[in-house]
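Engineer: No sequence on hand, only this structure:
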């Protein structure tokens, strides 16, 4: 169907794109890349199924957003999943599972050492794949969005965006700090993404973390060692302030004020309370409500900052026959992210 004939109030038609939209790749200002990879997930795998589940659930999202208006008019397109990424995930998952089940690499086991080397090599290849795609989208003047998969997958995207926008700020919404060095031996672990980003990507100027409620002492120390580059807002601190009568919006605004003009948003679905994402890989009690997360994104948009890229990760569909909420919530978060992006 031609975009000129598109009726945003009608049900999605067979063969439609993400959110039931008719946009071709050349018509889209927001280009989404699915990355179905979850080989290093340390608790419960399944997020490799996230991109497909989000795509399917997106057909039920009403396209007029009360906060953001006609987001669909920006043009949103989701690439077809890469068969190469699926092959990498299958191989790396088979190699990583025995290591994860024993709590990390056994230095005395040469087979595990060889497996770890191969998983890290696949991680580097995946990073390059995401980097090259993101760089191409940016060169076109469009906004890249990455859909995971586990939280290791956006490293290449952040690298590409930071190269194009030096001094980039990152808004990181998550239950976890993700500052673990080479967790369970894996350099590109889902638990290491921001340790890797802040160590290896010089173009990142500032990282603001919100919703954090699961972390090690080492992670806290590594974050503090970054000085002003990292600002971490802990969920229990915000919860106590809210219970004592403070309003949520000023807390959010004060956190976002630490960000520079140009921002990348990394949204791990487990930042939300677990009732909204029960099948995510590493759920943690506490967290943001959906309206609170939406308010953070809208406050960022209204601040005048430019959101030039984003990712949504750790959405995992439930098992067949179980109630499906994760993908439903994930699709709506994705639409909010598209509405927040500056095009």
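Structural biologist: Cool, the structure landed. In this text, all values refer to a predicted model and were calculated from it rather than measured experimentally.

Engineer: residue boundaries of the helices in the stretch 201-343 of the chain?
Structural biologist: Secondary structure of the stretch 201-343 of the chain (DSSP state H, counting those that start in this stretch): helices located at 217-225, 235-243, 248-256, 290-302, 326-340.

Engineer: and those, which is most packed in?
Structural biologist: The highest mean neighbour count among these, using mean count of other CB atoms under 10 Å, belongs to helix 326-340: a mean of 24. C-beta here means a position set from N, CA and C on the backbone, and glycine is covered the same way.

Engineer: Could you name the helices and strands sitting against that one?
Structural biologist: Applying 3 or more CB pairs under 8 Å, 6 or more residues apart in numbering; DSSP states H and E, we find helix 326-340 packed against helix 50-58, strand 143-148, strand 262-268, helix 290-302, strand 306-313.

Engineer: report the longest helix in this protein, please.
Structural biologist: In the chain, taking DSSP state H as the definition, the longest helix is helix 110-139.

Engineer: and that helix, what's its mean pLDDT?
Structural biologist: Across helix 110-139, pLDDT averages out at 96.

Engineer: so can I have CSV of the helices and strands packed on helix 326-340 showing distance to residue 231 and mean pLDDT?
Structural biologist: As requested, the helices and strands packed on helix 326-340 are arranged in CSV below (distance: least, CB to CB, whole Å; pLDDT from 0 to 100):
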stretch, distance to residue 231, mean pLDDT
helix 50-58, 28, 96
strand 143-148, 23, 98
strand 262-268, 13, 98
helix 290-302, 14, 97
strand 306-313, 18, 98
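
Engineer: Including distance to residue 43, could these go into a markdown table?
Structural biologist: Output for the helices and strands packed on helix 326-340, formatted as a markdown table (distance: least, CB to CB, whole Å):
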| stretch | distance to residue 43 |
| --- | --- |
| helix 50-58 | 15 |
| strand 143-148 | 15 |
| strand 262-268 | 13 |
| helix 290-302 | 22 |
| strand 306-313 | 15 |
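
Engineer: Tell me the pLDDT of the residue lying closest to residue 145 once chain neighbours are set aside.
Structural biologist: Closest residue to residue 145 apart from its sequence neighbours, by CB to CB, 6 or more residues apart in numbering: residue 32 at 4.5 Å. On the pLDDT scale, residue 32 is placed at 98.

Engineer: Show me what residue 32 is bridged to.
Structural biologist: Here residue 32 shows beta-bridge partners residue 78, residue 145, assigned using DSSP bridges.

Engineer: wait, doesn't it sit right on residue 17?
Structural biologist: No: counting by CB atoms under 8 Å, residue 32 does not reach residue 17; the two are 9.5 Å apart.

Engineer: out of those two, which sits in the more crowded spot?
Structural biologist: residue 32 (26 against 19; other CB atoms under 10 Å).

Engineer: so what's that one up against?
Structural biologist: Counting by CB atoms under 8 Å, 6 or more residues apart in numbering, residue 32 makes contact with 18, 76, 77, 78, 79, 145, 146, 147, 334.

Engineer: Near the first one, how many other residues are there?
Structural biologist: Meaning residue 18. Residues lying near residue 18 (other CB under 10 Å) number 29.

Engineer: That one and residue 55 touch, don't they?
Structural biologist: Yes: under the criterion of CB under 8 Å, residue 18 makes contact with residue 55 at 5.8 Å.

Engineer: Give the residues shared as contacts by the two.
Structural biologist: residue 78.

Engineer: Mind checking what secondary structure residue 63 has?
Structural biologist: With DSSP: H, G, I helix; E, B strand; the rest coil as the basis, residue 63 sits in coil.

Engineer: List the residues that contact residue 324.
Structural biologist: Residue 324 is in contact with 53, 57, 317, 318, counting by CB under 8 Å, 6+ apart.

Engineer: any weak-confidence spans in the stretch 101-250 of the chain?
Structural biologist: Within the stretch 101-250 of the chain, no range satisfies pLDDT under 70.

Engineer: give me every residue that touches residue 301.
Structural biologist: Listed by CB under 8 Å, 6+ apart, the contact partners of residue 301 are 68, 307, 339, 340.

Engineer: Ignoring the adjacent residues along the chain, who's closest to the third one?
Structural biologist: Looking back up the chat, that one is residue 339. Once flanking residues are discounted, residue 339 sits nearest to residue 68: 3.4 Å by CB to CB, 6+ apart.

Engineer: Around the one you found, count how many other residues there are.
Structural biologist: Residue 68 has 17 neighbours, counted by other CB under 10 Å.

Engineer: Surely it touches residue 298?
Structural biologist: Yes: judged on CB under 8 Å, residue 68 makes contact with residue 298 at a distance of 7.3 Å.

Engineer: any residues in contact with both of the two?
Structural biologist: Joint contacts of residue 68 and residue 298 (CB under 8 Å, 6+ apart) are residue 340.

Engineer: where does the closest residue to residue 154 other than its chain neighbours sit relative to residue 160, distance-wise?
Structural biologist: Computed as CB to CB, 6+ apart, the closest residue to residue 154 that is not its neighbour in sequence is residue 311, at 3.9 Å. Here the distance between residue 311 and residue 160 works out to 12 Å (CB to CB, to the nearest Å).
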